[in-house]
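Asker: Let me see the structure of the following:
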Amino acid sequence: MANEPKFTPVKLAIEKGLAKIEKWYKAVSQLEIYFICLALDPTIKLEYAKNSWSDEQFSKSYKALEDVFNEYVKTTPDAGAEESNTPVPDLPKTKKGYGTKWIQDAVRKRVENERKTHNPCKKLKKYVDGHLEVDIDLVKWWGNQTGQYPTLSHIARDYLTIQGSAVSSERVFLSGGRTGTKDRNQLAPATFEALQIVKDAYRTGVLNTKHNV
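Answerer: Have a look, this model is predicted:
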């Protein structure tokens, strides 16, 4: 675009604008939170990052996703059952008797190898390699996946609720001057906050007096 003759008068401005966009795009792409949120959208998963990010950025961000997944596995109920349909076995429990110790020693090596090769990210890979969904309600979809993907559902509840911009929050409190007047200077902070949220809910149509009276 900048090299087209008709844009010659503003070529310098275009180049500086592109440089600024690239600077902030790189700053955003360095935060794994954006990658994780994209990956947790089942209509996108890894496709955008694969096609638009460099191999280095993609690998680094996917590693961050795996790290987050492994941390959540430790605290998510039933995650152990999710990550492996066949639990990693313990040593077999046999009745004590002649030769019991020999049996235990014989199978110990295999059991230890199975523990070493157990991959808690198996379900993560199954999710990202699965087909892309089309035209879904994101909240309902993840709500329906808590049985199949409890760890990923837990991550989705925490990450997908993070606002990408503070604009919507700031807009809620733009009319704060009309609420916090001299006549209402005794309002408790919690009451003031609740009033602002309710006002914005009516303004945006989330609440409707016709439907709620």
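Asker: which other helices and strands contact the longest helix along the chain?
Answerer: Scanning the chain for the longest helix, with DSSP state H as the assignment, gives helix 55-75. Using 3 or more Cβ pairs under 8 Å, 6 or more residues apart in numbering; DSSP states H and E as the contact test, the elements touching helix 55-75 are helix 32-39, helix 47-52, helix 79-83, helix 122-129, helix 150-159. Any C-beta I mention is one placed from the backbone N, CA and C, and that applies to glycine too.
Asker: what about 10 Å?
Answerer: If contacts are counted by 3 or more Cβ pairs under 10 Å, 6 or more residues apart in numbering; DSSP states H and E, helix 55-75 sits against helix 11-29, helix 32-39, helix 47-52, helix 79-83, helix 122-129, helix 150-159.
Asker: among those helices, which is nearest T179?
Answerer: T179 sits nearest to helix 150-159 of all the helices and strands packed on helix 55-75, at 31.1 Å, using Cβ to Cβ.
Asker: quick one on the thing from earlier: can you tell me which of the helices and strands packed on helix 55-75 the model trusts least?
Answerer: Lowest mean pLDDT within those: helix 79-83, a mean of 51.
Asker: Give the rounded mean pLDDT of the longest helix of the chain.
Answerer: Helix 55-75 comes out with an average pLDDT of 92.
Asker: How about stretch 205-213?
Answerer: 69.
Asker: Likewise for stretch 180-200?
Answerer: On average, stretch 180-200 scores 83.
Asker: Tell me which of the helices and strands packed on helix 55-75 lies nearest to Q104.
Answerer: Among those, the nearest to Q104 by Cβ to Cβ is helix 79-83 (23.7 Å).
Asker: End to end on stretch 176-189, go ahead and measure it.
Answerer: 12 Å (Cα to Cα, to the nearest Å).
Asker: And the contacts of it?
Answerer: Residues outside stretch 176-189 that contact it (Cβ atoms under 10 Å, 6 or more residues apart in numbering): F173, T191, F192, E193, A194, L195, Q196, K199.
Asker: Just send those back as TSV, with secondary structure, distance to T151 and neighbour count too.
Answerer: As requested, the contacts of stretch 176-189 are exported to TSV (DSSP: H, G, I helix; E, B strand; the rest coil; distance: Cβ to Cβ, whole Å; neighbours: other Cβ atoms under 10 Å):
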residue	secondary structure	distance to T151	neighbour count
F173	coil	35	16
T191	helix	39	12
F192	helix	38	15
E193	helix	33	15
A194	helix	34	12
L195	helix	39	16
Q196	helix	36	18
K199	helix	38	17
